[in-house]
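Q: what would the 3D arrangement of this be:
(chains A and B)
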Amino acid sequence: MEKISADIVIIGAGPAGLCAAVQAAGSGARVIVVDENKRPGGQLFKQIHKFFGSREHSAGVRGYRIGEQLLEKVEKSSAQVMLDSLVYGLMPDKSMGLIHSGKSYLLEAPKIIIAAGAKENYMAFPGSTLPGVMGAGAAQTMVNINRVLPGEKIVMLGSGNVGLIVSYQLLQAGAEVVAVVEGAPKIGGYGVHAAKLRRAGVPIYVSHTIKRAIGADCVTGVEIAQVDSKWKIVPGTEQHLNADTVCLAVGLNPMTELAWMCGCRFVYIPSFGGHVPLHDENMETTVPGVYVAGDITGVEEASCAMEEGNLAGIFAAQALGYYTQEQAQEKKQDVIRRLDELRSGYFGKIRRESKKKQIDAMHRYLSLVAKAGVK
Amino acid sequence: MDGVAYTGIPSLQELSSCPGVPSEERMNKGRVAVIECVQEIPCNPCVATCKFGAISMKGEITSLPCLDGDRCTGCGQCIAQCPGLAITVINRNYSETEATVDFPYEYLPLPQKGDIVDAVNRAGETVCRGKVDRVVRQPSYEGTSVISLIIPKQYFNEVRSMKRLERP
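A: Numbering: from 1, shown residues only, chains lettered A, B, ... in the order given. Model (predicted):
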């Protein structure tokens, strides 16, 4: 089997992976970024809305433009991007199995950054296997990348920012969004996103769920119903909605398979989407030399993913001596300040606390290991 | 339950205590920005956009934007810069009987100057008809259009957008 090696291998060419690549390659390290897709950028190119955050986070710039700017930086750097390249295995000795254009390779590097992203959650209900029921992310890819409408009358389940933003983009693409349905008593995402939908005449049903999707061989209608505080359907509250598509925006979970495989330790943090690998402030996991960045470390959003990618890239390069300790610390300060901003306020509070919990768990693990070592 | 987190519509209470909404007195003086941003989210492009320094934020990036009604000229440059599409510019004194509402719009097809369209409130309900006075698109707006709509004066505090037009 042909062998490919580099100083730093980054798995995933989304916002986190590409930022890590720019930082690491900027130090002079030999960097390879691998991604199973045919285009780099991860989910950035389907984000046609203007981003939030500060000027430093390109607030007010549409996501795909941020993607273009990032790709430009990567192209100017010495990092090599290998597309259509799937890492199917990562062993504890840090060797990786890679398939590229149908051929298998052995990939090796002393430092690895896993930036594999996240995948959409699914929710089962009667009729949920009918054609026409899909993830909100899938619908977003259809309209914004492939320019195909998934349907004409859409019911969105979930009112987090994904559900709200994708609903808006479906309207922009020419579909009708019949309703946004939310199980919680409160809208999950930003009020301004919800307000856009309301001005466009889209009703938002909080404390409601989908009871069933109706149809023989595709969705022809949706029955929604109110739920009580224990998320049980309140009998007699059923309503029929005329719809041909159901989009599920019921959260994401981190793509952690490679991190499990190489032996990373995990902690369960529901607000981050489930099991997430332990990592320190520099994004290094419990497996020395293996770093993580972006949604794999806990589902947040693209701006945070990019900052975590910056950190992982800086410290993977520093660990190899490509940056001095001082250079790395100086760069880190800026990144940490920006990350703190992104995790501030009412909506950032849970993520800030979750991240602290995750890093604290890492420190507990490290001190246990140190104690065991003394014995 | 009332309020933007429950309905997607900022409540009267939320709007009246919102530091981005100008005073009644300032409204009476003519064109002014109305920033209906009532939730603390990490976002601040409006502050940097205003070259008159009329929009400020205390402390953290999640603070609510404050409008200084004396500094705001109603130029409208902030409208398209708000990623939340939460800013409009209202001119209560457009004429004896009419007001104008300038709002961001991101749907196609765009209306044309002179078109009569359905003016909608924060719940998307048609409250009156409005006449399109201007449709502004410029590179710095990054794809967002700003539409100026002439409406009967009494609806200046209700109308916030227009009904989407049929696709050809």
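Q: can you pull the residues of the stretch 1-150 of chain A lying near chain B?
A: A:His49, A:Lys50, A:Phe51, A:Phe52, A:Gly53, A:Ser54, A:Arg55, A:Ala59, A:Gly60, A:Val61, A:Arg62, A:Arg65 (C-beta under 8 Å from any C-beta of the partner chain). (Each C-beta comes from the backbone N, C-alpha and C, glycine too.)
Q: assumed A:Ala243 was part of a strand.
A: No. Counting by DSSP: H, G, I helix; E, B strand; the rest coil, A:Ala243 is located in no strand; its state is coil.
Q: which residue is nearest the middle of chain B?
A: B:Thr88 (1.3 Å; C-alpha atoms, centre = their mean).
Q: give me the element it is part of.
A: Element membership of B:Thr88, judged by DSSP states H and E, is strand B:87-91.
Q: CA-only coordinates of the following helix or strand past that strand, as PDB, when you get a sec.
A: Proceeding N to C from strand B:87-91, the next assigned helix or strand is strand B:98-105, under DSSP H and E. Below are the C-alpha coordinates for strand B:98-105, written out as PDB (Å, rounded to 0.1, in the frame of the first residue of the first chain):
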ATOM      1  CA  GLU B  98     -48.500  59.400   4.700                       C
ATOM      2  CA  ALA B  99     -45.500  57.800   6.300                       C
ATOM      3  CA  THR B 100     -42.700  55.700   4.800                       C
ATOM      4  CA  VAL B 101     -41.100  52.500   6.100                       C
ATOM      5  CA  ASP B 102     -37.800  51.400   4.600                       C
ATOM      6  CA  PHE B 103     -37.200  47.700   5.300                       C
ATOM      7  CA  PRO B 104     -34.700  45.000   4.200                       C
ATOM      8  CA  TYR B 105     -36.000  42.500   1.600                       C
END
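Q: who are the packing partners of the lowest-mean-pLDDT helix or strand in chain B?
A: When the helices and strands of chain B are scored by mean pLDDT, DSSP states H and E, helix B:45-49 comes last with a mean of 94. With contacts taken as 3 or more C-beta pairs under 8 Å, 6 or more residues apart in numbering or on different chains; DSSP states H and E, helix B:45-49 sits against strand B:55-56.
Q: sheet partners, orientation included, of the strand it packs on?
A: strand B:66-67 (antiparallel) (DSSP bridges).
Q: the strand it pairs with - what's its average pLDDT?
A: In this model, strand B:66-67 has an average pLDDT of 98.
Q: over to stretch A:87-107?
A: 96.
Q: need the contact partners of it.
A: A:1-5, A:9, A:11, A:32, A:34, A:36, A:82, A:84-86, A:108-110, A:112, A:114, A:258-259, A:261-263, A:287, A:289-290 (C-beta atoms under 8 Å, 6 or more residues apart in numbering or on different chains).
Q: of the residues you listed, grab the buried ones for PyMOL.
A: Per 16 or more other C-beta atoms under 10 Å in any protein chain shown, the buried members of these correspond to this PyMOL selection:
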select buried, chain A and resi 4+9+11+32+34+36+82+85+109+110+112+114+258+259+262+287+289+290
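Q: inside strands: which ones of the contacts of stretch A:87-107?
A: A:2-5, A:9, A:11, A:32, A:34, A:82, A:85-86, A:108, A:112, A:114, A:290 (DSSP state E).
Q: which SSE is immediately downstream of the biggest strand by length in chain B?
A: Secondary structure of chain B per DSSP E: the longest strand is strand B:126-136. Of the helices and strands lying after strand B:126-136 in sequence (DSSP H and E), the nearest is strand B:145-152.
Q: show me what that next one is packed up against.
A: strand B:98-105, strand B:116-120, strand B:126-136.
Q: what about 10 Å?
A: strand B:87-91, strand B:98-105, strand B:116-120, strand B:126-136, strand B:161-162 (3 or more C-beta pairs under 10 Å, 6 or more residues apart in numbering or on different chains; DSSP states H and E).
Q: where does A:Asp280 land in three-state SS?
A: coil.
Q: so it sits against A:Ala319, correct?
A: No. A:Asp280 lies out of contact with A:Ala319 (C-beta atoms under 10 Å); the separation is 11.8 Å.
Q: distance from the chain centre to whichever strand or helix holds A:Tyr88, please.
A: In the assignment (DSSP H and E), A:Tyr88 maps to strand A:85-90. The chain centroid and the centroid of strand A:85-90 are separated by 19 Å under C-alpha atoms, centre = their mean, to the nearest Å.
Q: quick one, which of the helices and strands packed on strand B:145-152 is packed in tightest?
A: strand B:161-162 (a mean of 26; mean count of other C-beta atoms under 10 Å in any protein chain shown).
Q: does any bit of that strand sit next to chain A?
A: Yes. On the criterion C-beta under 10 Å from any C-beta of the partner chain, strand B:161-162 is in touch with chain A at B:Ser161, B:Met162.
Q: run me through the strand neighbours of that strand, direction for each.
A: Applying DSSP bridges, one finds strand B:161-162 paired with strand B:116-120 (antiparallel).
Q: how far off strand B:98-105 does the partner strand point, in degrees?
A: Strand B:116-120 runs at 80 degrees relative to strand B:98-105, counting by axes from the mean of the first three to the mean of the last three C-alpha atoms, to 10 degrees.
Q: what's the mean pLDDT across strand B:116-120?
A: 98.
Q: what does it contact?
A: A:198-201, B:101, B:103, B:111, B:124-132, B:147, B:149-152, B:155, B:158-165 (C-beta atoms under 10 Å, 6 or more residues apart in numbering or on different chains).
Q: ok, now with 6 Å
A: B:111, B:126-131, B:149, B:151, B:159, B:161-163 (C-beta atoms under 6 Å, 6 or more residues apart in numbering or on different chains).
Q: any weak-confidence spans in chain B?
A: Along chain B, no part satisfies pLDDT under 70.
Q: residues from it in reach of chain A?
A: B:4-5, B:8-9, B:39-45, B:48, B:60-62, B:81, B:83-86, B:107, B:123-124, B:160-161, B:167 (C-beta under 6 Å from any C-beta of the partner chain).
Q: 7 Å - rerun?
A: Applying C-beta under 7 Å from any C-beta of the partner chain, we find that chain B lies next to chain A at B:4-6, B:8-10, B:37-45, B:48, B:60-62, B:81, B:83-86, B:106-107, B:120, B:122-124, B:142-143, B:160-161, B:164, B:167.
Q: pLDDT score for the residue nearest to A:Gly221 when sequence neighbours are not counted?
A: Closest residue in space to A:Gly221, ignoring its immediate chain neighbours: A:Ile214 at 4.1 Å, by C-beta to C-beta, 6 or more residues apart in numbering or on different chains. For A:Ile214, the model assigns a pLDDT of 98.
Q: check the one 10 residues further on too.
A: Model confidence at A:Ile224, expressed as pLDDT, equals 98.
Q: if we can go back for a sec, just the ones in strands among the contacts of stretch A:87-107 now: which is nearest chain B?
A: The shortest separation between chain B and any of the ones in strands among the contacts of stretch A:87-107 is 26.2 Å, and it belongs to A:Ile114 (by C-beta to the nearest C-beta).
Q: I'd say that closest one and A:Val292 touch.
A: Yes. In terms of C-beta atoms under 7 Å, A:Ile114 counts as a neighbour of A:Val292; the distance is 5.0 Å.
Q: okay, and the common contacts of those two?
A: Common neighbours of A:Ile114 and A:Val292, counting by C-beta atoms under 7 Å, 6 or more residues apart in numbering or on different chains, are A:Ala259.
Q: in JSON lines: the helices and strands packed on strand B:145-152, plus distance to A:Ser95.
A: Putting the helices and strands packed on strand B:145-152 into JSON lines (distance: least, C-beta to C-beta, whole Å) gives the following:
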{"stretch": "strand B:87-91", "distance to A:Ser95": "54"}
{"stretch": "strand B:98-105", "distance to A:Ser95": "52"}
{"stretch": "strand B:116-120", "distance to A:Ser95": "60"}
{"stretch": "strand B:126-136", "distance to A:Ser95": "58"}
{"stretch": "strand B:161-162", "distance to A:Ser95": "57"}
